[in-house]
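task: produce atomic coordinates for the following.
(one chain, ligands or ions: 1)
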Amino acid sequence: MNKNSLLSMRDLTKEDIMNILNDALLFDDCYRDWQLPLKKALVANLFFEASTRTHYSFESAELQLGCKVADVQTSVSSITKGETLYDTIRTLEEHGYDAFVIRHSEDEYYKQLEGVKVPILNAGDGKGDHPTQCLLDLLTMYQEFGTLEGLNVVICGDIAHSRVAASNKTALELLGSTVRFSGPKFWEREGYPIIDFDEAIKDADVVMMLRIQRERGAKLEAMSDSEYLETYGLSKARYARMKKNAIVMHPAPFNRNVEIDTDLVEAEKSRIFKQMANGVLVRKAVLKRAFGFAPFEVK
Ligand code: NCD
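Next comes the predicted model:
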């Protein structure tokens, strides 16, 4: 496996994380037009699960950096003829691609790809990890609070199936913040004890809402959308009880009036669309790192 791959937040040190966030910030400042000084930066994106933000913000980042991009149509690739993921990626590697961005429904799919020599950027593996989502979440908190130490973060919703919850728990705990979990007891996950949302919200700096991951088998039995919103979601009443400087986050796609009241999506405390802009910045930073470039010097 290439050492510049980004597979899981578990593989990054505090210093690695801060280097990526600083590069992302500088991509929004004095390195806006920076491009990869390479003739060869052919990137292949392979999304085996639905995606809008991760897919197209990776593509935007790649194009802004001057990469050439192949958007591999996974639904009509030879995977559908029974070819393994390893054989598909090795084939594309022989075709000259210099890096792969992959989203796949299998947890730790990348373990099958040990023999691939070019960097792999994990765009989400099952309920395992979502490192670039986590990095854009961290960037959003860092911009807001100027630190990632000592924050109180509550993540609420379908914890059992969420790779976003998993990556954020790993990284925020490493960085010295507290992460608590809330939501239906039936979506509790080992190591992620569920606490009462109304209790957690009172002193939370960040309230991160999650979508119900029905595609991963999450079922909401005998509960309507409005009951879910009232019981576990971010309703107007709960929003009103948040701390003065606290913010609302959501990796999106969000389901309006299920996990979040529609009027709160772009409310004052919401940073949901800011997160999307940050997605391009952190993906530029991780691509730069994947191609072996050291962190930027501040000009
Ligand atoms: C998340 C994902 O795919 O894990 N979304 C994203 O990448 N922006 C969360 C989700 O789909 O609910």
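
which single residue in this protein comes nearest to the ligand?
In the chain, the residue found nearest to the ligand is residue 211; the distance is 3.5 Å by Cβ to the nearest ligand atom. Backbone N, C-alpha and C define where each C-beta goes, glycine included.

my guess is that residue contacts residue 157. True?
Yes: between residue 211 and residue 157 there is a contact under Cβ atoms under 8 Å: 6.9 Å.

now do the shared contacts for these two.
By Cβ atoms under 8 Å, 6 or more residues apart in numbering, residue 211 and residue 157 have these common neighbours: residue 259.

more crowded one of the two?
More neighbours surround residue 157 than the other of residue 211 and residue 157, with 30 against 21 (other Cβ atoms under 10 Å).

need the contact list for the more buried one.
By Cβ under 8 Å, 6+ apart, residue 157 lies in contact with 182, 183, 187, 209, 210, 211, 212, 232, 233, 259.

name the nearest residue to it, ignoring sequence neighbours.
Counting by Cβ to Cβ, 6 or more residues apart in numbering, residue 210 is the residue found nearest to residue 157 once chain neighbours are left out, at 3.2 Å.

how about the contacts made by the one you found?
155, 156, 157, 158, 159, 162, 164, 165, 183, 250, 251, 259.

mind pulling the model confidence for it?
pLDDT for residue 210: 98.

now residue 80
The per-residue pLDDT reported for residue 80 equals 89.

again with the one 3 residues further on
Here the pLDDT value assigned to residue 83 is 94.

so what's it closest to, chain neighbours aside?
residue 77 (7.6 Å).

show me which residues of the stretch 1-150 of the chain sit near the ligand.
Within the stretch 1-150 of the chain, the positions near the ligand by Cβ under 6 Å from any ligand atom are 53, 54, 124, 130, 133.

weed out the non-buried ones from the residues you listed.
In terms of neighbour count (16 or more other Cβ atoms under 10 Å), the buried residues within these are 53, 54, 124, 130, 133.

export those to TSV and append columns for pLDDT and secondary structure.
Listed next are these as TSV, based on pLDDT from 0 to 100; DSSP: H, G, I helix; E, B strand; the rest coil:
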residue	pLDDT	secondary structure
53	97	helix
54	98	helix
124	98	strand
130	98	coil
133	98	helix
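
format the residues you listed as JSON lines; extra columns: distance to residue 117.
Output for those, formatted as JSON lines (distance: Cβ to Cβ, whole Å):
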{"residue": "53", "distance to residue 117": "29"}
{"residue": "54", "distance to residue 117": "24"}
{"residue": "124", "distance to residue 117": "23"}
{"residue": "130", "distance to residue 117": "24"}
{"residue": "133", "distance to residue 117": "26"}
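
re the thing from before, inside helices: which ones of the contacts of residue 210?
In this view, the contacts of residue 210 that belong to helices under DSSP state H are 164, 165.

the ligand next: which of the contacts of residue 210 are close?
Within these, those near the ligand by Cβ under 6 Å from any ligand atom are 164, 251.

nearest to residue 71 among the contacts of residue 210?
Of all the contacts of residue 210, residue 71 sits closest to residue 251, with 21.7 Å by Cβ to Cβ.

how many neighbouring residues does residue 267 have?
Residue 267: 14 neighbours (other Cβ under 10 Å).
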